[in-house]
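K.L.:
quick one: sequence plus predicted model below, questions after.
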Amino acid sequence: MSTIRTQFGPVTNFSLTLNGLASASGRSSAKVENQNSHYIDAICQFKLKTAAGSPSDRYAIYFFAWGSADDVSPAFPAGITGIDEPIFAALETLSLRPVGSVYVASSGTLITPPFSVAPAFGNVLPPVWGILAINRSGLALDAADNIGFWRGVEFEVS
């Protein structure tokens with residue numbers, strides 16, 4: 001009888017510049033190529049450090065998944081181009097699926113819980129995907145110590 005086990009790929013940092021991300025600003029990661037690794041999901045986590053001050057606005061930093069089924073000529077929503085770049089997107093009009101958020105109660109270091117990306121795409125990770133972060137905490141992120149990383153998920157049959 002076969003056994004199916006979850007396997008995790010290596011920890012990989014996002015190409016996503018979060019240092020200094022102002023409140024009411026967004027930033028998209030560079031695209032993650034999945035057509036060779038064939039991961040069915042990715043588990044993401046972020047370590048964030050806010051600048052000093054008092055939070056306001058929506059008191060949170062939001063994370064959205066974007067992707068494309070076409071890895072040869074990908075087309076992405078919300079003005080995303082597949083590179084690490086600033087993106088202006090209003091939460092109210094965003095056509096992307098939320099995959100995680102972190103509540104900002106005070107300034108300092110925050111660590112998100114791990115979150116799954118595949119549910120944003122019907123539970124299967126597309127050939128090309130990425131993350132969009134939108135800071136609505138009322139605080140800018142610090143100039144250093146802000147990172148995001150992910151691990152691919154696959155199944156092993158033995």
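P.N.:
Perfect, thanks for sending it.

K.L.:
who's in contact with Ile61?
P.N.:
Each residue near Ile61 by C-beta atoms under 8 Å, 6 or more residues apart in numbering is listed here: 46, 48, 101-102, 104, 110, 133-137, 141. Just so you know, the C-beta spots here come from the backbone N, C-alpha and C atoms, and that holds for glycine as well.

K.L.:
which stretch of helix or strand covers the residue most central in space within the chain?
P.N.:
In the chain, the residue lying closest to the centroid (C-alpha atoms, centre = their mean) is Ile131, at 3.3 Å. Secondary structure assignment for Ile131, by DSSP states H and E: strand 128-136.

K.L.:
what packs against that strand?
P.N.:
Applying 3 or more C-beta pairs under 8 Å, 6 or more residues apart in numbering; DSSP states H and E, we find strand 128-136 packed against strand 25-28, strand 32-33, strand 41-49, strand 60-68.

K.L.:
could you redo the last one with a cut-off of 6 Å?
P.N.:
strand 25-28, strand 60-68 (3 or more C-beta pairs under 6 Å, 6 or more residues apart in numbering; DSSP states H and E).

K.L.:
so that strand versus strand 60-68, what angle?
P.N.:
Orientation check (axes from the mean of the first three to the mean of the last three C-alpha atoms, to 10 degrees): strand 128-136 against strand 60-68 gives 160 degrees.

K.L.:
and strand 128-136, how far from the chain's centre?
P.N.:
Counting by C-alpha atoms, centre = their mean, to the nearest Å, strand 128-136 is centred 5 Å from the centre of its parent chain.

K.L.:
just checking: what are the partner strands of it?
P.N.:
Partner strands and pairing direction for strand 128-136 (DSSP bridges) are strand 25-28 (antiparallel), strand 32-33 (antiparallel), strand 60-68 (antiparallel).
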